[in-house]
Each structure stands twice: as C-alpha cells, then as structure tokens.
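1. Quick one, structure for this:
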Amino acid sequence: MGSVERVRAALLAAGHADTIVPAPAGARTAAEAAAGVGCDVAQIVKSLVFRGEAAPVLVIASGANRVDQAKVAAAAGTAIGRADAAYVREKTGFAIGGVAPVGHLTEPVVIFDEDLLKLDPIWAAAGSPDKVFRTSAVDLLRITGARAADICEPRSAQ
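-> Reported below is the predicted structural model:
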C-alpha cells in the first residue's frame, strides 16, 4: 500500500471523511501548502518526528509556530533527539515533506500543539509532498490520540 493510500485508510478507519486533495503548489513547506489550498500558514499542520527513548515522537504543530524541544520532551515524558531522513522514513513510512499525522508504520507518541485548537479548518500532509487533507483540530486530536500541550516557543522568540 502506498503512503497516500495508508493515510486514506487511517482516516477512514477513524471515521474521518476522505478529504485528500492535490496541493497545487506542493506541500513541502507550510508556506507552499498554504498557498496551494488558500489558507493562512497557521492552518497548515507540520508533522515533525523526533527520536524518543522507546518510540518515535510525533509533533503536530501549526505551520506558524516554532516548536520548543524541551517543552515537547516534557509533554512526551521522554528525552528526544533530532531524527534524520532515514529514521523518519523507517519509522513513519513517509519521506520528509510528506509526513502525515496518521498512517505511521510505527506507533508514535503524539504531542499536539494546542494553538491548532483555535483554528478551523486545518490542513495536513497526506503522505506525499503533493497531497494534503482537510480536517478540524478537534478531529485530528481525536484520530491521532494525541496529547494537547503548549509546545511552542513564545511569539517574541519566533
């Protein structure tokens, strides 16, 4: 099963509609994805993968925010480290630029940027740098089983 099909299957299995669409400008960056779907960069979900002690740690964050690794580690309850492209592909099944928040090969610890809860709709990568899906923050929080937390640097530090 391809990566986009894995995302589609995960969405449908969670009772979420298949809202996967092409991202005309690509979705390798939050700015590209926002331009492609016609929304604010804050409404784009960044799916960031870190090395955890026992499992990968997936951070679901607003495209407008910078993630504070110390806050992520505290929310995840584990030390975290940077993950290279090979680790990301091995653990998630996705290439960097197309990492979706669902459909991972290895079950991650999932931490959710609470700032996303202020936004609707939001858009996330659908397993490929040229596909995204539309959802709500509440639905994405539910289907990922994530823990919502304050995980971003203060605005003045961004």
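2. and the helix or strand hosting residue 70, what does it pack onto?
-> Assigned by DSSP states H and E, residue 70 falls within helix 69-76. Applying 3 or more C-beta pairs under 8 Å, 6 or more residues apart in numbering; DSSP states H and E, we find helix 69-76 packed against strand 45-52, strand 57-62, strand 80-82, strand 109-113, strand 147-149. Glycine gets a C-beta too; all of them are placed from N, C-alpha and C.
3. and that helix, how far from the chain's centre?
-> 16 Å (C-alpha atoms, centre = their mean, to the nearest Å).
4. what do you get for stretch 116-136?
-> 8 Å.
5. Now that stretch: buried residues?
-> Buried residues in stretch 116-136, counting neighbours by 16 or more other C-beta atoms under 10 Å, are found at 116-117, 119, 122-135.
6. before we move on, what about stretch 64-80?
-> 64-65, 67-69, 71-73, 75-76, 78, 80.
7. so which two of the residues you listed are the farthest from each other?
-> 64 and 78 (26.0 Å; C-beta to C-beta).
8. what ranges of this protein fall below the confidence cut-off?
-> Low-confidence segments of the chain (pLDDT under 70): 156-158.
9. Quickly list what the spatially most central residue of the chain is bridged to.
-> Nearest to the mean C-alpha position of the chain, by C-alpha atoms, centre = their mean, lies residue 47 at 2.5 Å. Beta-bridge partners for residue 47, by DSSP bridges, are residue 60.
10. Would you mind measuring from it to residue 104?
-> For residue 47, the distance to residue 104 (C-beta to C-beta, to the nearest Å) stands at 9 Å.
11. what's the overlap in contacts for the two?
-> Counting by C-beta atoms under 8 Å, 6 or more residues apart in numbering, the common neighbours of residue 47 and residue 104 are residue 58.
12. picking that back up, tell me the contacts of the residue nearest to the centre of the chain?
-> Residue 47 neighbours (C-beta under 8 Å, 6+ apart): 58-60, 99-101, 124-125.
13. for residue 97, same thing?
-> Here residue 97 is in contact with 27-29, 125, 129 (C-beta under 8 Å, 6+ apart).
14. returning to that earlier point: in CSV: the helices and strands packed on helix 69-76, plus distance to residue 18.
-> Output for the helices and strands packed on helix 69-76, formatted as CSV (distance: least, C-beta to C-beta, whole Å):
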stretch, distance to residue 18
strand 45-52, 17
strand 57-62, 20
strand 80-82, 32
strand 109-113, 21
strand 147-149, 25
